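S.K.: sequence first, then the predicted structure:
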Amino acid sequence: MAVIGFIGLGNMGGPMAINVVKAGHTVKVFDLFADAIKQLVSQGGLAAKSAADAASDADVVISMLPSGKHVEDLYVSAEKPLFEVVKKEALIIDSSTIDAATAKRVCAIADNRGLNFVDAPVSGGVAGAVAGTLAFMVGATDAQFIQAKSILQSMGQNIFHAGPSGAGQIAKCCNNMLLSVLMAGTAEALNMGVKNGLDPAVLSQIMLQSSGNNWVLQKYNPYPHVMEGVPSSNDYQGGFQVDLMYKDLGLAMDISHQSGSPAPMGAQAKSLYAMHKSKGNGPLDFSSIMRLYQD
Ligand code: NAD
């Protein structure tokens, strides 16, 4: 069993760290919020005094932070950056969703110092983090991937080697851009059907069995009470926030511009989510885009 330093114990990092504890590892945890650390200690984690304290004697360091700026600060530019305190042989796994350019830059700095840094963003949301069923998309060398996989399996079910450094972040952006298009398109079709007198449950069944079938209709119907146990049937509470989808679409647009790959559908979805967010819907689940059509 390994000594793990876990940094960033928010909505995702908290339950992910609990699953690493449950797998039997020694987990030293740190967050800027003391309550988040207390919560983990009550589940068997060990409180660290700082990020450096959590990481300095760890075999594996895992971070789950809001954005690229937080990740670069933590590892490279903070007063006591983690790249200056980690053991040479430690594996560093950043599971935050950040821009691929920052992931690659931080990895290159790690390489220059003889350190191992991989990007491993996740899909599956808070429910997947709690259940330990996340999908990880890893940007790493073959050897780093093999090492990372054994740890990531304690938090996820599907661990993919997307390619070299940064590839995990690109895969994550491609997936979430497609998801946003599927969600907006499904909401658009359902709204048009209902406005023309159709029952949303009947229309959903028809499209599920026809060529419009997709993951949103199968698992995450945005129309209230067509499907129970999803955010649309709970006033769009819980799930994956509009704010986070908007953030991920921004990252996807960056990749589109930097690589010259046209993404008109993703750009349209980003505009729709921007409008929806500007009406104060940022904290709602992303399937609440349904309301933008209904309004
Ligand atoms: P969150 O805001 O709930 O948690 C982030 C945590 O990081 C906070 O507790 C914050 O205090 C902590 N933090 C920030 N800077 C720190 C530092 N320097 N040292 C220690 N702790 C620090 O965010 P979240 O929902 O857990 O998301 C984390 C990442 O996962 C984001 O990049 C997000 O895009 C991605 N993600 C989120 C979801 C989701 O459904 N919430 C799903 C997939 C991916």
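M.R.: Looks like it arrived, so ask away.
S.K.: around the residue nearest to residue 263 when sequence neighbours are not counted, how many other residues sit close by?
M.R.: In space, and not counting its chain neighbours, residue 263 is closest to residue 256: 4.0 Å by C-beta to C-beta, 6 or more residues apart in numbering. Every residue, glycine included, has its C-beta placed from N, CA and C. Using other C-beta atoms under 10 Å, residue 256 has 18 other residues around it.
S.K.: give me the buried positions along the one helix or strand residue 256 maps to.
M.R.: In the assignment (DSSP states H and E), residue 256 maps to helix 242-259. Buried residues in helix 242-259, counted by 16 or more other C-beta atoms under 10 Å: 242, 244-249, 251-253, 255-256.
S.K.: quick one: which of those residues is nearest the ligand?
M.R.: Set against the ligand, the nearest of those by C-beta to the nearest ligand atom is residue 244 (5.1 Å).
S.K.: which pLDDT value goes with the residue of the stretch 151-295 of the chain found nearest the ligand?
M.R.: The ligand sits closest to residue 240 of the stretch 151-295 of the chain, with a gap of 4.6 Å, by C-beta to the nearest ligand atom. According to the prediction, residue 240 has pLDDT 92.
S.K.: 19 is where my numbering starts, stick with that
M.R.: Will do, 19 is the new start, and the previous item becomes residue 258.
S.K.: tell me, how many residues neighbour it?
M.R.: By the measure other C-beta under 10 Å, the count of residues near residue 258 is 22.
S.K.: that one against residue 302, yeah?
M.R.: No: taking contacts as C-beta atoms under 8 Å, residue 258 lies outside contact range of residue 302: 10.0 Å.
S.K.: show me the common contact partners of these two, please.
M.R.: By C-beta atoms under 8 Å, 6 or more residues apart in numbering, residue 258 and residue 302 have no common neighbours.
S.K.: quick one on the thing from earlier: quick one: the helix holding residue 274 to chain centroid distance?
M.R.: Taking the mean of its C-alpha atoms, helix 260-277 sits 13 Å from the chain's own mean (C-alpha atoms, centre = their mean, to the nearest Å).
S.K.: what sits against residue 167?
M.R.: By C-beta under 8 Å, 6+ apart, residue 167 lies in contact with 156, 177.
S.K.: doesn't it fall inside a strand?
M.R.: No: per DSSP: H, G, I helix; E, B strand; the rest coil, residue 167 lies outside any strand segment and is helix.
S.K.: pLDDT score for it?
M.R.: 97.
S.K.: picking that back up, now the residue nearest to residue 281: how far from residue 189?
M.R.: Distance, residue 274 to residue 189, using C-beta to C-beta, to the nearest Å: 15 Å.
S.K.: do the same with residue 57
M.R.: Distance, residue 57 to residue 189, by C-beta to C-beta: 30 Å.
S.K.: the two - which one has more neighbours?
M.R.: Ranked by neighbour count (other C-beta under 10 Å), residue 57 and residue 189 place residue 189 first, with 23 against 18.
S.K.: ok, back up a step: export the helix holding residue 274 as PDB, just CAs?
M.R.: Extracted in PDB, the C-alpha atoms of helix 260-277 (Å, rounded to 0.1, in the frame of the first residue of the first chain):
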ATOM      1  CA  VAL A 260     -24.000  24.900 -15.700                       C
ATOM      2  CA  ASP A 261     -21.000  26.800 -14.400                       C
ATOM      3  CA  LEU A 262     -18.700  23.700 -14.900                       C
ATOM      4  CA  MET A 263     -20.100  22.900 -18.300                       C
ATOM      5  CA  TYR A 264     -19.500  26.600 -19.300                       C
ATOM      6  CA  LYS A 265     -16.000  26.300 -18.000                       C
ATOM      7  CA  ASP A 266     -15.400  23.100 -20.000                       C
ATOM      8  CA  LEU A 267     -16.800  24.600 -23.200                       C
ATOM      9  CA  GLY A 268     -14.400  27.500 -22.800                       C
ATOM     10  CA  LEU A 269     -11.500  25.000 -22.600                       C
ATOM     11  CA  ALA A 270     -12.900  23.300 -25.700                       C
ATOM     12  CA  MET A 271     -13.000  26.500 -27.600                       C
ATOM     13  CA  ASP A 272      -9.300  27.200 -26.600                       C
ATOM     14  CA  ILE A 273      -8.300  23.800 -28.100                       C
ATOM     15  CA  SER A 274     -10.400  24.500 -31.200                       C
ATOM     16  CA  HIS A 275      -8.700  27.900 -31.800                       C
ATOM     17  CA  GLN A 276      -5.200  26.600 -30.900                       C
ATOM     18  CA  SER A 277      -5.400  23.600 -33.200                       C
END
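S.K.: having no further points to raise, I will conclude here.
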